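S.K.: Got a predicted model here, sequence first, then my questions.
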Amino acid sequence: MPPADQRFFIYYTNLNPYQQCFIEKRLLQEQKSNAFLNKDELIQLTGLVNVSSQHKWLADNEWIYIVSAKGTSVADREYGHIKMSGGETRNDRSGQMPDFSKVA
């Protein structure tokens, strides 16, 4: 029997376009419903299980994160998408001032 993700792919490819679109919308809604990376995603991102080690990794790699009252790392999902795709984040623009000479 193929692995679960492969079974899902086989099932998904056998759906009609309307059903595929419905599933994609549901998956996007589920991702957007949680604005922060969960525990497993942080472990996958950092490669570290220990929370204090995760804090150090996030700081060393210039990720914006906060520490919750429970002591866990809280990292923004959208920021992670931007950072992982090579897009410009707020950190990249720090210290830059707008060019006011172009304003009339």
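M.R.: Yep, that arrived.
S.K.: residue ranges with poor pLDDT in this structure?
M.R.: Counting by pLDDT under 70, the chain shows low-confidence ranges at 1-15, 27-33, 89-98, 104.
S.K.: per-domain residue ranges of it.
M.R.: 1-33, 35-86 (automatic domain parsing).
S.K.: what's the most buried one of those domains?
M.R.: Greatest average neighbour count among the domains of the chain goes to domain 35-86 (a mean of 14), per mean count of other Cβ atoms under 10 Å. In short, each C-beta sits where N, CA and C put it, glycine included.
S.K.: quick one: the strands in this structure?
M.R.: Here the chain has its strands, by DSSP state E, at 65-67, 73-75.
S.K.: Can you list the strands that the last one pairs with?
M.R.: Sheet pairing for strand 73-75, assigned by DSSP bridges, gives strand 65-67 (antiparallel).
S.K.: what comes into contact with the strand it pairs with?
M.R.: If you take Cβ atoms under 8 Å, 6 or more residues apart in numbering as the criterion, strand 65-67 is touched by His55, Leu58, Ser73, Val74, Ala75, Asp76.
S.K.: if you set the cut-off to 7 Å instead, what comes out?
M.R.: Identification of contacts with strand 65-67 by Cβ atoms under 7 Å, 6 or more residues apart in numbering yields His55, Leu58, Ser73, Val74, Ala75.
S.K.: just stretch 73-87 next, same as before
M.R.: By Cβ under 7 Å, 6+ apart, stretch 73-87 touches 34-37, 42, 51, 54-55, 58, 63-68, 89.
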